[in-house]
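1. Structure for the following, please:
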Amino acid sequence: MRFLAVFLLPILVFAQTINIEITYGSVKEARTTKTEYKSGESALAVISRVANVKTKKVGQYLFITSIDGVVSAPQKMGWFYLLDGKNADKTASSHILTNEKSMRWEYHIDNCLSGVGK
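-> Down below sits the predicted model:
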């Protein structure tokens, strides 16, 4: 009788480094930092590790309403982010990182988030 040896190799999850830039508009000076993340973490989880982040649930979405004390003003100013230089197409809580190298958060004019900061 022959036995088939099966070797199960552990799946290794390697941490990746991501550069993070936060621009606060004219409110305060921009800052940059680096942190590590594992594939499968959300953009929200990663930014929350390096900044003081507040959120608000609106319907099925979770929006960032404040980063480091800089608060969104509905239909005036809001928080937006880019990954590897491209505008994100999902909220930070639903965007799962895979191999991104940079994340940029920008505080600027907002025409679409009515009701989020209220």
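2. What's the local residue count around S72?
-> 22 (other C-beta atoms under 10 Å). All C-beta atoms are positioned from the backbone trio N, CA, C, and that covers glycine.
3. Identify the residues contacting the spatially most central residue of the chain.
-> When C-alpha atoms, centre = their mean is applied to the chain, the residue found nearest the centroid is A43 (2.5 Å). Going by C-beta atoms under 8 Å, 6 or more residues apart in numbering, A43 touches 81, 83, 88, 92-93, 95, 97, 103.
4. mind running it again at 6 Å?
-> 92, 95 (C-beta atoms under 6 Å, 6 or more residues apart in numbering).
5. just F80 next, same as before
-> F80 touches E106, counting by C-beta under 6 Å, 6+ apart.
6. Helix, strand, or coil at it?
-> strand (DSSP: H, G, I helix; E, B strand; the rest coil).
7. Check the gap between it and Y107 for me.
-> Using C-beta to C-beta, to the nearest Å, we find F80 at a distance of 8 Å from Y107.
8. Repeat that for T23.
-> Taken as C-beta to C-beta, the span from T23 to Y107 is 6 Å.
9. The two: which has the busier surroundings?
-> More crowded of T23 and Y107, by other C-beta under 10 Å: Y107, with 24 against 18.
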